[in-house]
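*Asks:* Structure, please.
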Amino acid sequence: METYEITIAGITRQLPIINVTEDLQIASFVLLGDTEMTAAAATLLSKKLPKVDLLVTAEAKGIPLVHELAKQLNMSRYIVARKSVKAYMQQPFISEVTSMTTQSKQLLCLGTDDVNRIKGKRIALVDDVISTGDSIRALEDLVTKAGGKIIAKAAILAEGEAANRDDIIFLEKLPLFGEASLSLNKE
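*Replies:* Here you go, the predicted structure:
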């Protein structure tokens, strides 16, 4: 299997290159279960983030990162936008997103308790990888509806054209692979 080597926060990983579509491949970065990478990346990101009141991420791959970031920033709580409406959610706020890796529409939902925690707060949106920006936009939509003020958008990796954005904080660039990456990078 073809791999892409990346070093993040002094830690090197071999990422398998996987097909996302017929002519687009990505280097698959999976943070879940990688405690060493999570802690090291959170340490670096915590130094780059401006002062915020609360961290918000989407279920599920960003959870270990936002958890570690919250610990390092001495925050007692963070918010996870869930991928489905849960029974405990009264009048949920819902946003729809299509992720590059799942290729299908998903929901992101916040319950009333989370909405109340977000209202009037300075928020950092956090994810493991920002690529097309669709997931971050969906989170942004939810946080804005909830009355939060987005101060920062952060990720460990900026994939493809996202690395050229000036509105996100990230640690390393991650290229796209294949013919489709050429057309994505021109948009």
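*Asks:* so is the residue nearest to the spatial centre of the chain in a helix, a strand, or just coil?
*Replies:* Central residue of the chain (CA atoms, centre = their mean): residue 127, 1.6 Å from the mean position. Counting by DSSP: H, G, I helix; E, B strand; the rest coil, the backbone at residue 127 sits in strand.
*Asks:* ok, what's across the strand from it?
*Replies:* Beta-bridge partners for residue 127, by DSSP bridges, are residue 155.
*Asks:* Which strands or helices does the longest helix along the chain pack on?
*Replies:* In the chain, with assignment by DSSP state H, the single longest helix is helix 35-48. Packing partners of helix 35-48 (3 or more CB pairs under 8 Å, 6 or more residues apart in numbering; DSSP states H and E): strand 3-8, strand 11-21, helix 63-72, strand 149-159, strand 169-174. Where you see a C-beta, it was placed from the backbone N, CA and C, and this is true even at glycine.
*Asks:* so when I look at residue 95, I'm seeing a strand, right?
*Replies:* Yes. Under three-state DSSP, residue 95 falls within a strand.
*Asks:* Residue 132 touches residue 162, doesn't it?
*Replies:* Yes. Using CB atoms under 8 Å, residue 132 is in contact with residue 162, at 7.4 Å.
*Asks:* More neighbours: the two, which one.
*Replies:* residue 162 (21 against 17; other CB atoms under 10 Å).
*Asks:* just checking, that one touches residue 127?
*Replies:* No. Between residue 162 and residue 127 there is no contact under CB under 8 Å: 10.5 Å.
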